[in-house]
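Engineer: Please work out how this folds:
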Amino acid sequence: MTQRSGYADLPLHSGHVPAWLGTRMAALGRVIAEAIVHHYGRDELLRRLAQPFWFQSFGAVMGMDWHSSGITTRVLGALKRGLAPIQRELGVYVCGGRGRASRCTPAELLAVGEMTGMDAARLATASRLVAKIDSAAVQDGYELYLHGFIVSATGHWCVVQQGMSPARREARRYHWQSEGLASFLDSPHAAIEGINQGQILNLADARARAARRAGLELVHGGPDRTLGVLRKLQPDHGRTLSLFPQLDAIETPVRSSAQRTVPHLCLPSRHEVLGSDIVLRRLHGALAAAAERGPKDYADLLLTPGVGARTVAALALVAEVVHGTAARFSDPARFSLALGGKDGHPFPVPLKVYDETLRVLRRAVGQAGLGRADKLDALRRLDAQARRLERSAGGGSFEQFVAAERAEAPLLGGRTAFSR
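Structural biologist: Below is the predicted model of the structure:
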């Protein structure tokens, strides 16, 4: 049985992703996905996408706004665009999307079925059920507008979908994973991200079995009985009301210790990245691995034409996205320090560093596909070295690091969505 893995407040922000960034995000998303599949297999990529903290970190390392709900749309779009040319080879297919694209998911899954021989009808049914549960069975005040269905050649899948409340300028992201899914109506979510608004009517929860039974009884009992129950409703302090308050006394849920300690990622509405948003020792470890040990231990990587120390620092954070365990992503804002953010926070996107990072990763992934994985393995060693060094590495403050990056931005081709 899958469990919720966390909550997060995802603020809504206006704006657009310029073409110069969208193209690079698709390319970076592709090579990161390829690296994960090479090292850990295609189903591991699906497991990562079903983890809300990793998903947010993935978007941040690609140069998106580190905190906004827009990461959901752009990450899925970048993956769909980037993986399309190699989906058969990689064995990972991204379907659906935002708005009208979400309604094309069943047809896209049927096309995947024709290419692979998978049971497309079963996948399309799962897609419709997931969307219906999060739009009807889970009534939390957010209207779904995005549905992404990612399926591997093994038949495993994950779903990332998002709802929003324009009045509150908030979004909630829902994660599903087929692996370990025993029932669509017994606590199926891998995770739900969003600000806690109070009591939520969630008829997909395992603890709502009695409520589902009562609902069926009301349907069979006719309108008079249904109206009688509705007249008994009392105001609740939450944003939603329980349709069956008489059942509360019968079936009071007892939460397990795991449910009581579900991590909550609270992403603020401010654009600025503050030192309190990151774990500084992890940043120091990555910088130390790049600056102190890089030239000694990763000479082959550094001899790639055009690669400098700043690019290796970015690669250290990208390597963590590829190799890091779930506990490493408790501070998604830290990954925006690799390649900046399109809104200029924590600093403008350094295009020269971005392009060098892409060039190194493309070469490493390409050679790994030919049986020469030395450069891709160097990135794994870079990540391992960063973790060792963070126990002892020191360095300047977060504010000093950001100030230095902003000062260097003109030399590194720093650009934002507002640049001309």
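Engineer: Can you list the low-confidence ranges for the protein?
Structural biologist: Scanning the chain with the threshold set as pLDDT under 70 gives 1-9, 134, 136-140, 181-266, 292-307.
Engineer: Tell me which stretches of it form strands.
Structural biologist: Assigned strands in the chain, in chain order: 7-11, 92-98, 138-139, 143-152, 157-165, 170-177, 189-193, 201-202, 264-266, 349-350, 414-415 (criterion: DSSP state E).
Engineer: So for the lengthiest helix in the chain, what gets flagged as buried?
Structural biologist: In the chain, taking DSSP state H as the definition, the longest helix is helix 19-40. Neighbour counts over helix 19-40 (16 or more other CB atoms under 10 Å) mark 21-22, 24-39 as buried. Glycine gets a C-beta too; all of them are placed from N, C-alpha and C.
Engineer: and the angle for it with strand 92-98?
Structural biologist: 140 degrees (axes from the mean of the first three to the mean of the last three CA atoms, to 10 degrees).
Engineer: pretty sure residue 50 contacts residue 158?
Structural biologist: Yes: between residue 50 and residue 158 there is a contact under CB atoms under 8 Å: 4.4 Å.
Engineer: what's the burial count for residue 366?
Structural biologist: Neighbourhood size, residue 366 [other CB atoms under 10 Å]: 14.
Engineer: got the contact list for the residue lying closest to residue 418 once chain neighbours are set aside?
Structural biologist: Distances taken as CB to CB, 6 or more residues apart in numbering put residue 344 closest to residue 418, at 7.2 Å, once the chain neighbours are dropped. By CB atoms under 8 Å, 6 or more residues apart in numbering, residue 344 lies in contact with 271, 416, 418.
Engineer: Buried only: go through those residues for me.
Structural biologist: 271, 416.
Engineer: Any chance of a markdown table for the contacts of residue 344, columns distance to residue 85?
Structural biologist: What follows is those, written out as a markdown table (distance: CB to CB, whole Å):
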| residue | distance to residue 85 |
| --- | --- |
| 271 | 34 |
| 416 | 29 |
| 418 | 31 |
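Engineer: Check the spacing between the spatially most central residue of the chain and residue 164 real quick.
Structural biologist: In the chain, the residue lying closest to the centroid (CA atoms, centre = their mean) is residue 55, at 1.8 Å. Plainly put, residue 55 is 17 Å away from residue 164 if you go by CB to CB, to the nearest Å.
Engineer: Same check on residue 105?
Structural biologist: Residue 105 is 19 Å from residue 164, by CB to CB.
Engineer: Also residue 348?
Structural biologist: For residue 348, the distance to residue 164 - CB to CB - is 28 Å.
Engineer: Same question for residue 330.
Structural biologist: Distance, residue 330 to residue 164, by CB to CB: 25 Å.
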